[in-house]
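Colleague: I would like to see how this sequence folds:
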Amino acid sequence: MNPDAFDISILGPAFVAGLLVLATHVPMGQQVLARGIVFIDLAIAQIAGLGVIAADAMGWEPQGFAVQIAAVGTALIGALLLTFTEKRWPEVQEALIGVLFVLAACAGIILLAGNPHGGEHLKDLLVGQILWVSYGQLFPVALLTAAILALWFGAGKRLGHIGFYAMFAIAVTASVQLVGIYLVFASLIIPALAGRFHPARRQLAVGYGVGVLGYVLGLALSAMFDLPSGAVVVWVLATVALTAAAIAKRK
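Modeller: Model (predicted):
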């Protein structure tokens, strides 16, 4: 236990990264639950990660513009493919999302097979390195988040299937490079699940509240006990969500 571990220069950017992820993922998570396509986040995140892995395999600069284009490009291709399958085979859409996730994950493993640091790259992609995020990385993500939220709440249902999947792909691509696949999935689904136990008019507020509290407590506990931040935040998000659901049922 290390009570002196609360370094604001490290925890500050990590918390802001969490807020940016939650800003788009909480409302999108509600839509994902309503559509019954829970694992789309994992699939799109894995496809975006595959783009990053492929760019790295080609020797491109890890934080360079080309890598971002590769990640967004592969995620958008995956989103367009899921748009097609939803129209063509809606009854098995969830199964197809799962298959796409497995294929993208296995393709990433194959590409990393000859990389001596492949295991570490894969771990970073899944669990993330939220404590290594800098304010410099967050500024362009903040601009992107503002644009996505403006479209999401401004256009609403007029976005259609393609618009929804495209915006989702872009948001997930930015998020997965900040916090990793597991935390992106947890940020999308867990706050949205907690909100469903409350009246409709309060679901979004409850989702944001659960998410913010989960990140605050998770980052604090991970720093205090020197544990992996992403994994701890996921568990704390789940605990806070269960508490919020229990309070709603008691009322």
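Colleague: just the pLDDT for residue 32.
Modeller: Turning to residue 32, the model gives it a pLDDT of 85.
Colleague: ok, the one 3 residues further on next?
Modeller: Looking at residue 35, its pLDDT is 79.
Colleague: show me which helix or strand of the protein is least confident by mean pLDDT.
Modeller: helix 118-127 (a mean of 64; mean pLDDT, DSSP states H and E).
Colleague: immediately after it, which helix or strand?
Modeller: helix 135-155 (DSSP states H and E).
Colleague: roughly how far does the most centrally placed residue in the chain sit from residue 173?
Modeller: Central residue of the chain (Cα atoms, centre = their mean): residue 184, 2.2 Å from the mean position. Residue 184 sits at a distance of 10 Å from residue 173 (criterion: Cβ to Cβ, to the nearest Å). To be clear about C-beta, it is placed using only N, CA and C from the backbone, and glycine gets the same treatment.
Colleague: what is in contact with these two at once?
Modeller: Common neighbours of residue 184 and residue 173, using Cβ atoms under 8 Å, 6 or more residues apart in numbering, are residue 45.
Colleague: need the contact list for the residue nearest to the centre of the chain.
Modeller: 21, 25, 41, 45, 172, 175-176.
Colleague: apply 6 Å and report the result again.
Modeller: 45, 175-176 (Cβ atoms under 6 Å, 6 or more residues apart in numbering).
Colleague: send the alpha carbons of stretch 14-28 over as CSV?
Modeller: Coordinates of each C-alpha in stretch 14-28 appear next as CSV, following Å, rounded to 0.1, in the frame of the first residue of the first chain:
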residue,chain,number,x,y,z
ALA,A,14,-5.3,9.3,-17.1
PHE,A,15,-8.5,10.6,-15.5
VAL,A,16,-9.1,13.1,-18.4
ALA,A,17,-8.6,10.2,-20.8
GLY,A,18,-11.3,8.2,-18.9
LEU,A,19,-13.7,11.2,-19.1
LEU,A,20,-13.2,11.5,-22.9
VAL,A,21,-13.9,7.8,-23.3
LEU,A,22,-17.0,8.0,-21.2
ALA,A,23,-18.3,11.1,-23.0
THR,A,24,-19.0,9.1,-26.2
HIS,A,25,-19.2,5.6,-24.9
VAL,A,26,-22.0,6.1,-22.3
PRO,A,27,-24.7,7.3,-24.8
MET,A,28,-23.4,4.9,-27.5
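Colleague: in that stretch, which residues are buried?
Modeller: Residues of stretch 14-28 classed as buried: 14-28 (neighbour count, 16 or more other Cβ atoms under 10 Å).
Colleague: so who does the closest residue to residue 236 other than its chain neighbours touch?
Modeller: With Cβ to Cβ, 6 or more residues apart in numbering as the criterion, residue 236 has its nearest non-adjacent residue at 3.8 Å, and that residue is residue 218. Contacts for residue 218 were tallied using Cβ under 6 Å, 6+ apart; they are 232-233, 236.
Colleague: from residue 246, how far off is residue 218?
Modeller: 19 Å.
Colleague: what of residue 26?
Modeller: 20 Å.
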